[in-house]
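Participant: Dropping the sequence and predicted coords here.
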Amino acid sequence: MVNRISKQKRSYIMSQIRGEWTWQERVVHNHLKGKKIRHKMHPQVKGNPDIILKEKKVAIFLDGCFWHGCPQCYQKPETNKEFWQKKISKNIENAIKFTKNLEDDGWKVIRIWEHEIRKEPMDKIIHRILS
């Protein structure tokens, strides 16, 4: 595959990627809020989940398909392969570690992939969170 984006343009694109309030977080937040489901965005909880339902002790992670190496969607980058392989591997290791730590502390952990938010009806995702 030919790289069609210049280094400067790619650098700009990467600089625009947000750590908080991604489109996935905004979509899920708005649906939870619309259904009057009490939740906390970006809580100070070990493992840094994206959302928690404190009363139900549910931690929700919204995993980007690229950043977390989705088995269904992930495509290996063509450039800087070693860097990205290490980065994605570390993200996967952290996800496993944080999930285990939270579950050991009595939390129910839910991981929702970016492609699920894009393709599945939000009512189905909200049902999964609440059940």
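Facilitator: On my side now, so go ahead. It should be emphasised that the depicted structure is a prediction, and the values quoted were computed from it without experimental measurement.
Participant: where in the protein is pLDDT low?
Facilitator: Residue ranges of the chain with pLDDT under 70: 1-3, 18.
Participant: Select the longest helix from it.
Facilitator: helix 81-104 (DSSP state H).
Participant: Now that one: buried residues?
Facilitator: Judged by neighbour count (16 or more other Cβ atoms under 10 Å), helix 81-104 contains these buried residues: 84, 88, 95, 98, 99, 102. (Glycine included, C-beta is placed from N, CA and C.)
Participant: Also stretch 67-83?
Facilitator: Within stretch 67-83, judged by 16+ other Cβ under 10 Å, the buried ones are 67, 68, 69, 70.
Participant: can you check stretch 30-38 too?
Facilitator: Buried residues in stretch 30-38, defined by neighbour count with 16+ other Cβ under 10 Å: 31, 32.
Participant: And the contacts of that stretch?
Facilitator: Here stretch 30-38 makes contact (Cβ atoms under 8 Å, 6 or more residues apart in numbering) with 39, 51, 53, 54, 55, 122, 125, 126, 129, 130.
Participant: If we use 6 Å, what do you get?
Facilitator: With contacts defined as Cβ atoms under 6 Å, 6 or more residues apart in numbering, stretch 30-38 is touched by 39, 122, 126.
Participant: Most neighbours among the residues you listed, which one is it?
Facilitator: residue 39 (19 neighbours; other Cβ atoms under 10 Å).
Participant: re the thing from before, could the buried residues of stretch 67-83 be laid out in CSV, adding secondary structure and distance to residue 80?
Facilitator: Output for these, formatted as CSV (DSSP: H, G, I helix; E, B strand; the rest coil; distance: Cβ to Cβ, whole Å):
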residue, secondary structure, distance to residue 80
67, coil, 15
68, coil, 18
69, coil, 16
70, coil, 19
